[in-house]
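>>> here is my input, please return the structure:
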Amino acid sequence: MKLRSTWVFAACVCVTAAGFGCLAQSKNKQQIFEIPFDFYRNEIIVQVKINGQGPFNMMLDTGTNPSGIDLATARNLGLKLDPVGSRASGGGTAVNLAYETRLPLVELGGITVKNLEAVALDLTKFSTRLGKQLHGVIGHSFLNGRIVQIDYRKQVLRFYSQPLFPKPVGQSNSAKRTTLPFRYDDDVLLDDVFVNGKKVVADLDTGSDGTFKLTPAAVSDLGLEEDVRRAQVSESAGFNGLAENRQGSVSNVTVGAISVDAPPVIFFGKGTGRDDKRWGLNIGNAFLKDFVVTIDYRSKLLTLERP
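As a prediction, this is how the structure comes out:
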């Protein structure tokens with residue numbers, strides 16, 4: 001589903017008693033909104049108001065398109081839902097129907113979005129696995145067209161009105177800071193990523209609590225079938241419930257100029273919702289949390305910078 005959203009920056013300086021807010025300057029200068037988040041079990045949880053109600057716990061997820069809201073929450077808010085649901089994509093082996101809807105007014109810190117496209121689906125199992133009630137997911141319909149920075153160490157999101165980093169030239173990238181182009185195709189896709197020295201397409205996924213995860217197709221392409229057979233059985237949760245995977249490691253993962261030796265890796269099981277992906281490697285928060293991550297959806301640039 002391809003979406004568009006309407007969004008505005010409030011032209012004001014606002015600071016709440018909790019110590020966060022937005023800084024807006026003149027028209028041609030940088031405008032910054034800072035919003036705190038709870039980094040709970042390697043998931044980014046923000047407080048969001050919908051139609052003036054809440055706040056609600058919502059996960060920031062670059063891998064969700066459009067955005068999502070828990071089905072019970074949507075009904076309690078009186079949202080209009082499409083009468084016919086379709087199966088939600090994502091991890092898990094169960095069937096979870098998603099119903100198209102719109103969120104009339106969404107407030108995240110100082111950012112206001114009207115008529116945000118979303119789907120309503122049952123998030124009960126995901127919430128149970130997380131250990132915290134999740135009311136929804138801030139996804140691509142909110143993030144598209146924005147410049148968002150995730151400061152994991154300070155647990156702050158920053159939204160910028162102007163680009164922060166230029167396109168990399170020559171050998172400008174380093175292990176301290178690397179900037180990579182990405183393309184968007186239902187996911188934030190990176191081409192300049194290598195596993196064991198072999199190039200793979202990677203998915204930048206702030207909805208993933210893991211370090212790196214490989215699809216069944218990538219396992220085959222990389223010749224890692226024997227590694228999977230020796231790996232320990234593990235379990236993961238997605239929008240479609242639980243799935244059985246394998247947990248092991250690979251020799252190396254390199255993202256731009258950042259190289260990681262012997263990182264832990266989840267091998268997705270066949271038939272668990274990751275068989276027909278446009279990417280082979282999933283990059284999650286357990287890796288990203290060591291960096292300040294800037295995702296420029298306008299220029300299609302990702303920057304990883306060590307604090």
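>>> tell me the mean pLDDT over stretch 130-143?
Per-region confidence: stretch 130-143 scores 97 on mean pLDDT.
>>> repeat that for stretch 99-111.
Rounded mean pLDDT across stretch 99-111 is 97.
>>> list the buried residues in it.
99, 100, 101, 102, 103, 104, 106, 107, 108, 109, 110, 111 (16 or more other Cβ atoms under 10 Å). Where you see a C-beta, it was placed from the backbone N, CA and C, and this is true even at glycine.
>>> enumerate the beta-bridge partners assigned to the last one.
Read that as residue 111. residue 9, residue 108 (DSSP bridges).
>>> okay, now the domains of this structure?
Using automatic domain parsing, the domains assigned to the chain come out as 6-160, 177-305.
>>> got those domains as TSV, with distance to residue 166 columns?
Formatted as TSV, those follow (distance: least, Cβ to Cβ, whole Å):
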stretch	distance to residue 166
domain 6-160	13
domain 177-305	8
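>>> and of the ones you listed, who's closest to residue 167?
Nearest to residue 167 among those is domain 177-305; the distance by Cβ to Cβ comes to 6.5 Å.
>>> tell me how far the closest one is from the chain's mean position?
Its chain's average C-alpha position is 12 Å from that of domain 177-305, according to Cα atoms, centre = their mean, to the nearest Å.
>>> avg pLDDT for it?
Mean predicted lDDT for domain 177-305 stands at 92.
>>> sorry, back to before: and of the domains of the chain, who's closest to residue 168?
Residue 168 lies closest to domain 177-305 among those, at 4.7 Å (Cβ to Cβ).
>>> can I take it that residue 302 is in a helix?
No: according to DSSP: H, G, I helix; E, B strand; the rest coil, residue 302 belongs to no helix; its state is strand.
>>> wait, it sits on residue 291?
No: with contact defined as Cβ atoms under 8 Å, residue 302 does not reach residue 291; the gap is 10.2 Å.
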